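In: Can you look at this prediction? I've put the sequence above it.
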Amino acid sequence: MKKRAAALCGAAAVLAGMVTAVPAGANGALAAVPTAKLAWKKCATADYPTLQCTTLKVPLNHGEPDGRKITLALSRVPHTAKKYQGPLVVNPGGPGGSGRTLAGFVASSLPKKVAAQYDVIGFDPRGVGSSKPALTCRPGHFAPVRADSLPVDAKAERANLKRAKAFADACAKKYADVLPFIDTVSSVRDMDAIRAALGAKKINYFGYSYGTYLGAVYAKLFPHRVRRAVLDSVVDPSGVWYDDNLRQDQAFNDRHRALMAWIAKNHKTYRLGTDPEKIEAKWYAMRAALARKPADGKVGPSELEDTFMPGGYYDGYWPHLAEAFAAYANKKNDDPLVEAYENFGAVDAAGDNGYSVYTSVQCRDARWPRDWAEWRDDNWAVHEKAPFMAWNNAWYNAPCAFWPTEALDPVDVSNTALPPVLILQATDDAATPYEGGVVTHQLLRGSSLVVEQGGGNHGISLSGNACLDKHLAAYLTDGRVPRGTGEVDAVCAKLPAPKPLSTKAASASSRGSALHGLLGFRG
């Protein structure tokens, strides 16, 4: 959510809005269909030279199809093989994540023979990025230095509550007519409008993080429109959204401690000690020092949490975070810490937009406590066991306590009408803990659960794990999924831990870094 990819898709020459029809064969390939409703234009980048873009108007309120329209921004990497398997719609999560660049990433990261059989379709969901209107409720909401996230006294709690309410009030003032329609079900109906505009009877779907919930809700509302679906790093649909956020806190605390243990193993590089608990104590001492004197007037305790939280999503960031920690703790040099904040924690204009949509969707999708006493009790209880992110996460979601729109009821995503769905889940994922994959596997009859044992990254396919990618490629090639006899259908080993930046062996998966840059944080 923080550092979203820059907007793509500038104007360029119009390409033909049709694809060549290919008869369906015995292999189950779909015949390509005309897409004259969409005028695709080149929006190539150096990384994705075949990327195309267009826009689609959809009703703001799908209950009033002839009413006010909004605009969705779409992207496409067209298929090139004779065998055409239809559109593969992709989503990076959030809610609030821009998905247009993800189409280029997925098309270039899948095996060429597989990607060539699909039109890979990305889109900015309603309110996001280049879709219009794009929501930005309160620019600079995350400007440093914020109040300490830890409400150690009534004054600190009031400051954070005032800030959360100010955000909700700003959204209500700027977007009163739009907010009732920024929700998962409305986005799902947008997806079906995209399907219709593509001229496809069914879609294939590939979603990460919140995108797994989006896909599950689409499958619930339009089960006979789903041909194949991949859900990677799965939201627990039983906890949407208040309980899910509380469950995240323990998992993020575990991942933070995993980082401390990794630093301990690399004592020769970082000189922070060999005892993970003592290293963790140094981290909290750094936090306390920054509460007294923020680094360069930018990094206080809340910003420090923002900076290290991405390490819970992707351990490829650990070497950078460890170097910043070591420089501060060992040499009182805060320059690397400020640089790390600017790279991983600072929120730019795209981040302001993403957060505006995040809150709009989560606060509208489900009921949140309106009595702050309930939030206070629940989050202090979590903090006692998992202090790293408990209160930071609470304040991130706190506008929902004041949200101006009436809440909907979460969607029951249980489904017996789908073809096999491929579910990919790491056991130590922090953002979407393991239980979400298990619950969704149980709710989607006939689904297949592939687990990355011991893996802690969030977003695990197309990120360097050949075992996971083999299952993904097989599924997208001909619908094959592994079948086991227990709770899990297949197990893949986790990727090796990263190496310190100073070692010759240091290497990072370029695909992993690219993917996690697109998925962003908080999703």
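Out: Right, received. Where do you want to start?
In: just for the stretch 151-300 of the chain, where's the confidence low?
Out: Applying pLDDT under 70 to the stretch 151-300 of the chain flags no residue at all.
In: Which residue ranges of it form strands?
Out: Here the stretch 151-300 of the chain has its strands, by DSSP state E, counting those that start in this stretch, at 203-208, 226-232.
In: Neighbouring strands - and their directions - for the longest one?
Out: Yep, that's strand 226-232 we're talking about. Here strand 226-232 has these sheet partners by DSSP bridges: strand 203-208 (parallel), strand 421-426 (parallel).
In: Tell me who's in contact with Glu435.
Out: Residues near Glu435 by Cβ atoms under 8 Å, 6 or more residues apart in numbering: Asp236, Arg247. Quick note: C-beta positions are derived from backbone N, CA and C, even for glycine.
In: And it, how close does it get to Asp236?
Out: Glu435 sits 6 Å away from Asp236, going by Cβ to Cβ, to the nearest Å.
In: All the strands of the chain, residue numbers only.
Out: Along the chain, counting by DSSP state E, strands occupy 41-42, 52-59, 69-77, 87-91, 119-124, 203-208, 226-232, 421-426, 448-453, 490-493.
In: What pLDDT does the model give the residue lying closest to Tyr434 once chain neighbours are set aside?
Out: Take Tyr434 and drop its neighbours on the chain: the residue closest to it by Cβ to Cβ, 6 or more residues apart in numbering is Thr427, 5.0 Å away. Note on Thr427: pLDDT of 98.
In: Correct me if wrong: Thr427 contacts Val450.
Out: No: using Cβ atoms under 8 Å, Thr427 makes no contact with Val450, being 11.5 Å away.
In: Going by how many neighbours each has, rank the two and give me the top one.
Out: Neighbour tally, Thr427 and Val450, criterion other Cβ atoms under 10 Å: the higher count belongs to Val450, 27 against 16.
In: Run through the residues that contact the more buried one.
Out: Counting by Cβ under 8 Å, 6+ apart, Val450 has contacts Leu422, Ile423, Leu424, Gln425, Leu468, His471, Pro482, Val488, Asp489, Ala490, Val491, Cys492.
In: any idea of the pLDDT on the closest residue to the last one other than its chain neighbours?
Out: Of all residues not flanking Cys492 in the chain, Cys467 sits nearest, at 3.6 Å (Cβ to Cβ, 6+ apart). According to the predicted model, the pLDDT of Cys467 comes to 98.
In: likewise Gly523?
Out: Note on Gly523: pLDDT of 59.
In: Count the residues that sit near the residue nearest to Cys492.
Out: 15.
In: For it, give its distance to Phe344.
Out: Per Cβ to Cβ, Cys467 is found 28 Å from Phe344.
In: Tell me the spacing between the closest residue to Gly273 other than its chain neighbours and Leu150.
Out: Spatial nearest neighbour of Gly273, chain neighbours left out: Ile279 (5.3 Å); criterion: Cβ to Cβ, 6+ apart. Applying Cβ to Cβ, one obtains 20 Å for the distance of Ile279 from Leu150.
In: and what of Gln52?
Out: Gln52 sits 48 Å away from Leu150, going by Cβ to Cβ.
In: So which of these two has more stuff around it?
Out: Higher neighbour count among Gln52 and Leu150: Gln52, with 24 against 20, using other Cβ under 10 Å.
In: Surely the more buried one touches Arg76?
Out: Yes: using Cβ under 8 Å, Gln52 is in contact with Arg76, at 4.8 Å.
In: tell me, what's touching these two both at once?
Out: Listed contacts common to Gln52 and Arg76 are Trp40; contacts here mean Cβ under 8 Å, 6+ apart.
In: Contacts made by stretch 366-381 with the rest, please.
Out: Residues outside stretch 366-381 that contact it (Cβ under 8 Å, 6+ apart): 151, 157, 161, 240-242, 246, 390-391, 394, 397-398, 400-401, 403, 407-410.
In: Buried residues, it. List them.
Out: With burial defined by 16 or more other Cβ atoms under 10 Å, the residues of stretch 366-381 counted as buried are Ala366, Trp368, Trp375, Asp378, Asn379.
In: Just the helices from the stretch 1-150 of the chain, written as ranges.
Out: With helices called from DSSP state H, counting those that start in this stretch, the stretch 1-150 of the chain shows them at 100-109, 112-115.
In: Quick one: closest of the ones you listed to Asp348.
Out: helix 100-109 (15.4 Å; Cβ to Cβ).
In: Quick one: mean pLDDT for that closest one?
Out: 98.
In: other SSEs contacting it?
Out: strand 69-77, strand 87-91, helix 112-115, strand 119-124, helix 510-519 (3 or more Cβ pairs under 8 Å, 6 or more residues apart in numbering; DSSP states H and E).
In: sorry, back to before: can you list residues touching both of Glu435 and Asp236?
Out: Counting by Cβ under 8 Å, 6+ apart, the contacts common to Glu435 and Asp236 are Arg247.
In: who touches Asn393 in this structure?
Out: Asn245, Gln248, Asp249, Phe252.
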